[in-house]
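Visitor: return a 3D structure for these sequence lines:
(one chain, ligands or ions: 1)
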Amino acid sequence: MKQFISVADVPGVPGMINTALGYKKEPFKDKTLGAGKTLGMLFLNPSLRTRLSTQVAARNLGMEVIVFNIDKEGWQLEMNDGVVMSGSTTEHVKEAAAVMGQYFDILSIRTFPGLQNKEEDYTEKYISQFIKYAGIPVVSLESATLHPLQSLTDVVTIHEHWQQPRKPKVVMTWAPHVKALPQAVPNSFAQWMNAWGEADFVITHPEGYELDPKFSGNARVEHDQDKALQDADFVYVKNWSSYKDYGKITSTDNSWMITNRKLEQTAGAKVMHCLPVRRNVVIADEVLDGPQSIVIRQAGNRVWAAQAVLSEILKNS
Ligand code: CP
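Guide: Next up is the predicted model:
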């Protein structure tokens, strides 16, 4: 594996799940694999789980880690080619990425979308520039349109909580939020669920919140949340802003918040969320504090997913 930007980069989803669960059992079994290697972690946006779990994973493999909050501590980057840099930008990504490629063995980057320009976001302009100029493997810590470390974690979590021969019914539901959020997590979850193929996957959201079909694929879309939740085994809760009316909040319908009453229709579904979550806006306290929530165990699995990804790159780059 030379990079980790989407599900298309992995040799196979089942293999990655097994690798991640292998590290969960034995975190230090490859503790010298990354000896003498350095992971650079570049943040253009905030993070708790991705930052900490990836650091722990890299250390479990014997790697050194350097974290750089480039948005606060670095020069302001120019991302466009051929511009006269007489404005606020100080350093071009051509030099910045190439220089970091000299210092690190793997470069990981978090770069959120602006949600203003759909084409710019959906061509992954920022992360693509780093891939182009760094000259070393690049791992997405969440890009404009995808969050593959989160999605690998999510399939690992569903796999380990499901012991029956039939496929689980997994429902990804939109929920309300006070801010316009990216589509990266739901795009990515849909992409991984479709690639994995081991679930009956349903997406539910108000009309107008359709995801880019490139990611939702053939997943069943149901606009009636109650109907979608019937007999669900897993409920994956997430807000996102509109893809069609790009970056806009077109519904604030609070009845989409996940409560215990909503869960009554499910088959005792486990409730998942990537976190951070706004309590009593997206999911009610009673659910997050109740027995059906697996959000903490899900976040714990971030370490093993990141370790699986880093180990694949260390072994194959
Ligand atoms: N789920 C997730 O990516 O969390 P952070 O934004 O805190 O990294």
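Visitor: which elements pack onto the one helix or strand in the chain whose mean pLDDT sits lowest?
Guide: When each helix and strand of the chain is scored by mean pLDDT, DSSP states H and E, helix 70-73 comes last, with a mean of 92. Applying 3 or more CB pairs under 8 Å, 6 or more residues apart in numbering; DSSP states H and E, we find helix 70-73 packed against strand 38-43. Heads up, the C-betas are built off the backbone N, CA and C, glycines and all.
Visitor: can you verify residue 214 is assigned to a strand?
Guide: No: the assignment for residue 214 (DSSP: H, G, I helix; E, B strand; the rest coil) gives helix, which keeps it out of a strand.
Visitor: how close does the residue of the chain most remote from its centre sit to residue 73?
Guide: In terms of distance from the mean C-alpha position of the chain, residue 86 ranks first, at 35.6 Å (CA atoms, centre = their mean). As for residue 86, its distance to residue 73 is 24 Å (criterion: CB to CB, to the nearest Å).
Visitor: and the least confident helix or strand of the chain, C-alpha only, in CSV?
Guide: C-alpha atoms of helix 70-73 as CSV (Å, rounded to 0.1, in the frame of the first residue of the first chain):
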residue,chain,number,x,y,z
ILE,A,70,0.4,24.0,10.3
ASP,A,71,-2.7,26.2,10.4
LYS,A,72,-1.5,27.9,13.6
GLU,A,73,2.3,27.4,13.6
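Visitor: which residues sit against that helix?
Guide: With CB atoms under 8 Å, 6 or more residues apart in numbering as the test, helix 70-73 has contacts from 42, 43, 44, 45, 77.
Visitor: again, 10 Å this time
Guide: 42-46, 67, 76-77, 91, 96, 100, 109-111 (CB atoms under 10 Å, 6 or more residues apart in numbering).
Visitor: other SSEs contacting the helix or strand following that helix?
Guide: Moving toward the C-terminus from helix 70-73, the next helix or strand (DSSP states H and E) is strand 77-78. Packing contacts for strand 77-78, counted by 3 or more CB pairs under 10 Å, 6 or more residues apart in numbering; DSSP states H and E, involve strand 91-92, helix 93-103, helix 125-134.
Visitor: and these as CSV, adding distance to the ligand?
Guide: CSV is the format used below for the helices and strands packed on strand 77-78 (distance: least, CB to the nearest ligand atom, whole Å):
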stretch, distance to the ligand
strand 91-92, 25
helix 93-103, 20
helix 125-134, 15
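Visitor: most tightly surrounded among those?
Guide: Comparing these by mean neighbour count (mean count of other CB atoms under 10 Å), helix 125-134 comes out on top with a mean of 20.
Visitor: contact residues of the stretch 151-300 of the chain facing the ligand?
Guide: By CB under 6 Å from any ligand atom, the part of the stretch 151-300 of the chain that sits against the ligand consists of 274, 275, 276.
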